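Trainee: Sequence and predicted structure below; questions after.
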Amino acid sequence: MQRADFRHFIELPVRWGDMDAFGHVNNVQYMRYLESGRIAYIGEVPGVAMEAGENIVLADIHCTFLQQLRYPVTVEVGTRVARLGNSSLQIVFAIYRRGEEQPVLTGEGVLVWFDFVNEKPIPLPESVRSAICRFEAVPPQACAG
């Protein structure tokens, strides 16, 4: 996974309380960093606005821990959409120490566009699909052109 593949990053400070008894960042904290990256991506990509009663839910997530993190450090969370499905988005992500090229964690997940009123997945709105295709540095699979 190349750092240059990501157009969207957020910076997060690692807090003292993020570490566990072994003196490194606890694996649960990484999931919180990734959640912050996903939420920021959805909120910051122009045209990807949530509709009333609809939202994205996390359906699946996998990650590979490559290096340990210790306080103090600032991390950069890269998030991008790799593939667009009918009602789902496959995302890939990586966590880097600020300014470094080698990730400390990589992974992927699946987000599902979800209708909370009827409690079921629904198709991605065309406006969302188009906005993501225009935004990404590496066009997701299923983008025209």
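Mentor: On my side now, so go ahead.

Trainee: contacts, neighbours, all on C-alpha from now
Mentor: Noted.

Trainee: and stretch 32-47, average pLDDT?
Mentor: Averaging pLDDT along stretch 32-47 yields 93.

Trainee: Tell me which residues of it come out buried.
Mentor: Under the neighbour-count criterion of 16 or more other CA atoms under 10 Å, stretch 32-47 has Tyr33, Leu34, Ser36, Gly37, Arg38, Ala40, Tyr41, Ile42, Val45, Gly47 buried.

Trainee: Next: stretch 19-36.
Mentor: Within stretch 19-36, the residues scored as buried using 16+ other CA under 10 Å are Met19, Val25, Asn26, Gln29, Tyr30, Tyr33, Leu34, Ser36.

Trainee: Does the residue lying farthest from the centre of the chain lie in a helix or a strand, and which?
Mentor: Relative to the mean C-alpha coordinate of the chain, counting by CA atoms, centre = their mean, the farthest residue is Ala21 (27.5 Å). If you go by DSSP states H and E, Ala21 is not part of any helix or strand.

Trainee: Kindly report the same for Arg38.
Mentor: Arg38 belongs to helix 27-44, assigned by DSSP H and E.

Trainee: Who does whichever helix or strand comes after that helix pair with, and is each partner parallel or antiparallel?
Mentor: Going down the chain from helix 27-44, the next helix or strand is strand 54-65, by DSSP H and E. Strand pairing for strand 54-65, using DSSP bridges, gives strand 103-115 (antiparallel).

Trainee: what packs against the next helix or strand after the strand it pairs with?
Mentor: Using DSSP H and E, the helix or strand that follows strand 103-115 towards the C-terminus is strand 120-121. For strand 120-121, the packing partners by 3 or more CA pairs under 8 Å, 6 or more residues apart in numbering; DSSP states H and E come out as strand 103-115.

Trainee: And for the strand it packs on, what's in contact with it?
Mentor: 1, 53-69, 87-97, 120-124 (CA atoms under 8 Å, 6 or more residues apart in numbering).

Trainee: For ChimeraX, write the select line for the buried members of the residues you listed.
Mentor: Selecting only the buried entries of these in ChimeraX, with 16+ other CA under 10 Å as the criterion:
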select :54,55,56,69,88,89,90,91,92,93,94,95,96,97,121,122,124
